[in-house]
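1. what follows is a predicted protein model with its sequence.
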Amino acid sequence: MRVLFVAATCFELKLFLENMEEIEGENSPVSHYRWHDLEIDLILTGVGLSFTTYHLTRLLQKEKYDLVINAGIAGSFYDELSIGTVVNVTSEQFGDLGIEEPGGFKTLFQAGFMKEDQFPFQGGKLMNPHFRQSMELHNVHGLSVNMGHGRNTTIDQLKMNFDADIESMEGAAVFYVCLMEDIPFLEIRAISNFVESRDTTKWDIPTALENLTDELLKILRNFATVLQIS
């Protein structure tokens, strides 16, 4: 089984990769690892939707994978998802793809440029049909943006405009590409901060990454077990 991990930055998966046997990685855009009977590849796309879309699409034109996992940290819009919580993102939206009018922001769907059910969207969202019931994690709705938000006025607008629990800067790109290419995928993220007036002293990235590593290894163990049974 070949699994591709997609991350924006190396530090988000540094702890996780310490558990892998590296086969090839230095001076290569894609690093290759082995974990038990699983072939693990890692691509670092850089931060943001455009970079992620390009690098992931380019790789998938050349290589075939059984599963794509987008992993990293995220901000939580609500106190119920506390810092350190690891979540399974089951839907994504583009949070700043649209137009701004005097009355406020409109998505491409609201502005009439796209239909809400135009493939691969469902009701204006990108939905992940895979593994929803098998994950022992909180299922959440994601919002992907090109600018991480840190002002209360814009954050309040996001909460009014979108049904979202967390904010990241790559998730919707992975959803879109994998749905278009018909490849099973997951987005697993750990909450490192709240989406609020920006104050990085309140963030806890180390705890988020420790918990993320634990959950990613659990997921791989489950897949390895399935392979042994089959």
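-> On my side now, so go ahead.
2. in three-state terms, how would the closest residue to Val174 other than its chain neighbours be classified?
-> Using C-beta to C-beta, 6 or more residues apart in numbering and skipping residues adjacent in sequence, the residue nearest Val174 is Asn70, 4.1 Å away. All C-beta atoms are positioned from the backbone trio N, CA, C, and that covers glycine. Here Asn70 is recorded as strand under DSSP: H, G, I helix; E, B strand; the rest coil.
3. pretty sure Asn70 contacts Tyr176?
-> No: between Asn70 and Tyr176 there is no contact under C-beta atoms under 8 Å: 11.4 Å.
4. ok so, going back, dump the residue contacts of the residue nearest to Val174.
-> When contacts are counted by C-beta atoms under 8 Å, 6 or more residues apart in numbering, Asn70 touches 5-7, 170-171, 174, 185-188.
5. do you know how far the residue nearest to Pro29 when sequence neighbours are not counted is from Asn88?
-> Spatial nearest neighbour of Pro29, excluding adjacent residues (C-beta to C-beta, 6+ apart): Ile43 at 6.7 Å. Ile43 sits 21 Å away from Asn88, taking C-beta to C-beta, to the nearest Å as the criterion.
6. still on that earlier bit, next SSE downstream of the one helix or strand the residue nearest to Pro29 maps to?
-> Using DSSP states H and E, Ile43 falls within strand 38-44. Sequence-wise, the next helix or strand downstream of strand 38-44 (DSSP H and E) is helix 49-60.
7. and that next one, C-alpha only, in PDB?
-> The C-alpha trace of helix 49-60 is given here as PDB (Å, rounded to 0.1, in the frame of the first residue of the first chain):
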ATOM      1  CA  LEU A  49      -3.600  26.900  -1.500                       C
ATOM      2  CA  SER A  50      -1.900  27.700  -4.700                       C
ATOM      3  CA  PHE A  51       1.400  26.000  -3.900                       C
ATOM      4  CA  THR A  52      -0.400  22.900  -2.500                       C
ATOM      5  CA  THR A  53      -2.600  22.600  -5.600                       C
ATOM      6  CA  TYR A  54       0.300  22.800  -8.000                       C
ATOM      7  CA  HIS A  55       2.700  20.400  -6.200                       C
ATOM      8  CA  LEU A  56       0.100  17.800  -5.400                       C
ATOM      9  CA  THR A  57      -1.400  17.800  -8.900                       C
ATOM     10  CA  ARG A  58       2.000  17.600 -10.500                       C
ATOM     11  CA  LEU A  59       3.000  14.600  -8.300                       C
ATOM     12  CA  LEU A  60      -0.300  12.700  -8.900                       C
END
